[in-house]
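[1] Dropping the sequence and predicted coords here.
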Amino acid sequence: MSELKEKHCTPCKKETKPLDAEEIKHFKAKIDDNWKVVDNKKIWKSFSVKDFNEAIAFAQKIAVLADEEDHHPDLGVHYGSVDVELSTHNIGGLSPNDFILAAKIDAI
């Protein structure tokens, strides 16, 4: 679906500006439609899984990927789902890294 999953996250400096609405729209078009943009500051998606053990296993795969990319999402682990929220905290909004990691998570 996206060439983003072939890219790697790069560290943002504090002076890096978050993506603006047009840039967000551009990157959003490159990931799965089920990712939702929230207040132009984060993206969120809920993944359905069979049960709690599958949720933990999926969250662990995300954790390994996040460590490899050095970009860490907020995760909500539930009995039948895993919620993923991505934002680049040190710039207070979205960066290309959020969309790169979203594409990689979708590929798991």
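    Thanks, I have the structure now.

[2] which of the residues in stretch 50-67 are buried?
    When burial is assessed from 16 or more other C-beta atoms under 10 Å, stretch 50-67 yields the following buried residues: 54, 55, 58, 59, 62, 65, 66. Any C-beta I mention is one placed from the backbone N, CA and C, and that applies to glycine too.

[3] To clarify, my last question referred to stretch 28-35.
    Of the residues in stretch 28-35, those with enough neighbours to count as buried (16+ other C-beta under 10 Å) are 28, 30, 31, 35.

[4] what's the answer for stretch 3-23, then?
    Within stretch 3-23, the residues that qualify as buried are 4, 5, 7, 9, 12, 18, 19, 23, counting by 16+ other C-beta under 10 Å.

[5] and what of stretch 66-83?
    66, 69, 71, 73, 75, 82, 83.

[6] who touches that stretch?
    Judged by C-beta atoms under 8 Å, 6 or more residues apart in numbering, the contacts made with stretch 66-83 from elsewhere in the structure are 8-9, 11, 44-52, 55-56, 58-59, 62-63, 84-88, 97-98, 100-101, 104-105.

[7] Take those and keep only those in strands.
    Using DSSP state E, the members of the contacts of stretch 66-83 that fall in strands are 44, 45, 46, 47, 48, 84, 85, 86.

[8] check contacts around residue 44.
    Taking C-beta under 8 Å, 6+ apart as the criterion, residue 44 is in contact with 35, 36, 38, 83, 84, 85, 86.

[9] mind running it again at 10 Å?
    Listed by C-beta atoms under 10 Å, 6 or more residues apart in numbering, the contact set of residue 44 reads 34-38, 73-74, 76, 83-87, 102.

[10] Starting from residue 13, give me the distance back to it.
    Using C-beta to C-beta, to the nearest Å, residue 44 is found at 25 Å from residue 13.
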